[in-house]
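*Asks:* here is a sequence with its predicted model. Questions after.
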Amino acid sequence: MASARSNLSTYDESNVPDASPLRFGIVVADWNRDITHKLYEGCFDALLKHGATEVNIHTVQVPGTFELPAAARILAGREKLDAVICLGCVIKGETKHDEYINNAVSQGLVNLSIATGKPYIFGVLTPNTHEQAVDRAGGKYGNKGVEAAVTAIRMGELYRSSQTAKKSIGFGA
Ligand SMILES: Nc1c(NC[C@H](O)[C@H](O)[C@H](O)CO)[nH]c(=O)[nH]c1=O
Ligand SMILES: CC(=O)[C@@H](O)COP(=O)(O)O
């Protein structure tokens, strides 16, 4: 459903678990930083709103969206995390470069999620214009960073409970 019909910042709060036990990574791309920093603000505030603590939110910045999967994997190897949120904005140019970035990053993050069992969240805007990005970074269609945070809380809780179950029946983490 298009963002115009389903605001990115609107969700069922009763469906969001307590985030206080959860540990999050956030990786933010510098490209289009006027947009990505708005995504980060929305994401960070949404995590805190649902109980996450600042000490459990680990943030790194990378040059561009293409670097998000590698940095996310590095961060997940350095910190014990229940979910890793990746924030970027790839605005269509004259060539197909945007398609190569977006396809690589989306595939990379889903591959990481499936291979590791840990949720890597795709918080990347792929607009045709800067205006479309503004609309989705705290504008009239909400904030993609909020959507990414809520997804990370729900998936992070699922991951953490799976790790707890493993320990309870004797499997290592
Ligand atoms: N054009 C955009 C880029 N391009 C840079 C790539 O993400 C990458 O850093 C470079 O290809 C070197 O590996 N990145 C964005 O995040 N957004 C863009 O619109
Ligand atoms: C998506 C991008 O990397 C963008 O800056 C490329 O622009 P262009 O396709 O006009 O070279």
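*Replies:* Good, I have the coordinates. Ligands and ions are numbered 1, 2, ... in the order given.

*Asks:* quick check: can you name the pairing partners of whichever strand or helix holds residue 124 and their directions?
*Replies:* Using DSSP states H and E, residue 124 sits in strand 120-125. Taking DSSP bridges as the criterion, strand 120-125 forms sheet pairs with strand 83-89 (parallel).

*Asks:* so, low pLDDT: which residues of the chain?
*Replies:* Scanning the chain for pLDDT under 70 picks out 1, 171-173.

*Asks:* can you pull the contacts of the residue nearest to residue 24 when sequence neighbours are not counted?
*Replies:* The shortest distance from residue 24 to any non-neighbouring residue, by CB to CB, 6 or more residues apart in numbering, is to residue 57 (5.0 Å). Any C-beta I mention is one placed from the backbone N, CA and C, and that applies to glycine too. By CB atoms under 8 Å, 6 or more residues apart in numbering, residue 57 lies in contact with 24, 25, 26, 44, 47.

*Asks:* ok, which pair from the residues you listed is furthest apart?
*Replies:* Taking CB to CB as the measure, these span a maximum distance of 12.2 Å, between 25 and 44.

*Asks:* which of these two has more residues huddled nearby?
*Replies:* When residue 25 and residue 44 are compared for neighbours, residue 25 comes out ahead with 28 against 20, by other CB atoms under 10 Å.

*Asks:* that one in helix, strand or coil?
*Replies:* Following DSSP: H, G, I helix; E, B strand; the rest coil, the label given to residue 25 is strand.
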